[in-house]
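>>> Sharing a model that was predicted from the sequence below.
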Amino acid sequence: MDKVQLIAPCVFGVEAVLKREIQQLGYNIIDVEDGRVTFEGDREAICRSNIFLRSAERVLIKVGSFRATSFEELFDKVKALEWENYLEKDSKFWVTKASSIKSKLFSPSDIQSIVKKSIVDRLRRIYKAEWFEETGSQYPIRVFIKKDQVTISIDSSGEALHKRGYRQMTTKAPLSETLASSMIQLTPWKEDRTLIDPFCGSGTIPIEAAMQGANIAPGLNRSFESEDWNNLLNKKDWFRAIDEAHDMMKENIEVDIQGYDIDEEALKAARHNAQLAGVDHLIHFQKRDIKELSSPKKYGFMITNPPYGERLGTKETTETLYKEMGTVLKKLDTWSFFIITSYDGIEKVINKKATKKRKLYNGMLKTNFYQFYGPKPRQS
């Protein structure tokens, strides 16, 4: 397996962020679709992608792609793939997920069952065995069908990559780590600029910003399914990627990142999570109402996920909150503001037109990422 095609699913709307991250790792982009980026790399790319990508949900190894409009065709074409290049005789494998969009084959359970039977049928012939113990390493298989085009892959990540390992305490309607990181990457924020999240909740945005500023790889403190794939990956591949991550960390960095909330329990969770992430010394958390927000700093950034009304509060309380936010924005007239919300009336309520607006999905909720750019810092 000198070269392999990898698929990185992501939140809808952040494909450009993920593409840039993959290119920065040195890999060639093959395709960019809604919610996924396909790229090419060597076997070490599996390790490095899992450890370094901030906006990807998973790293999948593409086994094959073909057109199928009947279950018989699906069975035959899955069977034709060279599964013995990935699965050993004792490998434990199952179809963990099948999804279908605008295709003739649409029953997930039937797709899962047929793909599993087809793989077993091929391996019986290859390994000359009628029964497989499946006591070895685990290989979760995923099937994605769009407009009758089938893509079969193996999930190298296991648990989704947004599970960095630090968020043990959460609040209501939390923002995923991958979406928080993507939002930060969609702004021009750098570690030498002040960043405030006035609705920090369990601290995801400040923590992801601190990790990004200190160049702490998001997958450094968690495990991956493919770590046990000794037939495909060497331990040395993982050790090299981990050593690279440690070498890239900025040990003595100083940043100005602040997280505010009116909920003491949320702040308790935020401090705990920041400590687990190893960035508690880089973030100042404090109980503070949005009405009290001020800063003597110039050209700072606000990146935040305020209550929407759908999940927290009501439309009336949301409007009141956004009006208060608008008052703060006027005072911080050199700052840039980046707000994710499903509330469509935010520009009218805060009386400010967004410089840019990008559609993002927060879970299954369709939102907009409003970007209000302030003036650029004056050159000294």
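Structure's in. What do you need?
>>> Could you use CA atoms for every contact and neighbour count after this?
Noted.
>>> hang on, residue 303 is in a strand, isn't it?
Yes - counting by DSSP: H, G, I helix; E, B strand; the rest coil, residue 303 falls inside a strand.
>>> Which strand residues bridge the residue nearest to it when sequence neighbours are not counted?
With Cα to Cα, 6 or more residues apart in numbering as the measure, residue 338 is the residue that lies nearest to residue 303, at 4.7 Å, once sequence neighbours are left out. The residues paired with residue 338 through beta bridges, assigned by DSSP bridges, are residue 303, residue 371.
>>> how far away is residue 64 from residue 7?
In this view, residue 64 and residue 7 are 11 Å apart by Cα to Cα, to the nearest Å.
>>> meant to ask about residue 160
Residue 160 is 14 Å from residue 7, where distance means Cα to Cα.
>>> same question, residue 365
Shown here: residue 365 relative to residue 7, a distance of 24 Å by Cα to Cα.
>>> neighbour count winner among these two?
With other Cα atoms under 10 Å as the criterion, residue 365 and residue 7 differ in neighbour count, and residue 7 comes out ahead with 24 against 12.
>>> For whichever helix in the chain runs longest, C-alpha coordinates in PDB please.
Criterion DSSP state H: the longest helix present in the chain is helix 108-127. Output of helix 108-127 as PDB, limited to C-alpha atoms (Å, rounded to 0.1, in the frame of the first residue of the first chain):
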ATOM      1  CA  PRO A 108     -29.400   1.000   4.800                       C
ATOM      2  CA  SER A 109     -29.900  -2.300   6.600                       C
ATOM      3  CA  ASP A 110     -30.100  -4.200   3.300                       C
ATOM      4  CA  ILE A 111     -27.000  -2.400   1.900                       C
ATOM      5  CA  GLN A 112     -25.100  -3.300   5.100                       C
ATOM      6  CA  SER A 113     -26.100  -6.900   5.000                       C
ATOM      7  CA  ILE A 114     -25.300  -7.400   1.300                       C
ATOM      8  CA  VAL A 115     -21.900  -5.700   1.600                       C
ATOM      9  CA  LYS A 116     -20.900  -7.800   4.600                       C
ATOM     10  CA  LYS A 117     -22.000 -11.100   2.800                       C
ATOM     11  CA  SER A 118     -20.100 -10.100  -0.300                       C
ATOM     12  CA  ILE A 119     -16.800  -9.400   1.500                       C
ATOM     13  CA  VAL A 120     -17.100 -12.700   3.400                       C
ATOM     14  CA  ASP A 121     -17.700 -14.500   0.100                       C
ATOM     15  CA  ARG A 122     -14.500 -13.200  -1.400                       C
ATOM     16  CA  LEU A 123     -12.400 -13.800   1.700                       C
ATOM     17  CA  ARG A 124     -13.700 -17.400   1.900                       C
ATOM     18  CA  ARG A 125     -12.200 -18.000  -1.600                       C
ATOM     19  CA  ILE A 126      -9.000 -16.100  -0.900                       C
ATOM     20  CA  TYR A 127      -8.300 -17.600   2.600                       C
END
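>>> OK, contacts around residue 214?
Listed by Cα atoms under 8 Å, 6 or more residues apart in numbering, the contact set of residue 214 reads 191, 249-251, 253.
>>> my guess is residue 103 contacts residue 111, does it?
No - Residue 103 is not in contact with residue 111 according to Cα atoms under 8 Å; the separation is 11.9 Å.
>>> Point me to the helix or strand that includes the nearest residue to residue 77 once chain neighbours are set aside.
By the measure of Cα to Cα, 6+ apart, the closest residue to residue 77 outside its immediate chain neighbours is residue 66, 7.4 Å from it. Under the criterion DSSP states H and E, the helix or strand holding residue 66 is strand 60-67.
>>> That strand: which residues count as buried?
60-65 (16 or more other Cα atoms under 10 Å).
>>> do stretch 121-136 as well
121-123.
>>> contacting residues around stretch 136-151?
62-69, 87, 90-105, 112, 152-156, 158, 225-226, 228-229.
>>> One more: stretch 106-113?
Defining contact as Cα under 8 Å, 6+ apart, one finds that stretch 106-113 is touched by 71, 95-100, 105, 143.
>>> Filter the residues you listed down to the buried ones and express that as a ChimeraX selection.
With 16+ other Cα under 10 Å as the criterion, this ChimeraX line picks the buried residues out of those:
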select :95,98,99,100,105,143
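>>> which two from the contacts of stretch 106-113 end up farthest apart in space?
Within the contacts of stretch 106-113, 71 and 96 form the most distant pair, 18.2 Å apart (Cα to Cα).
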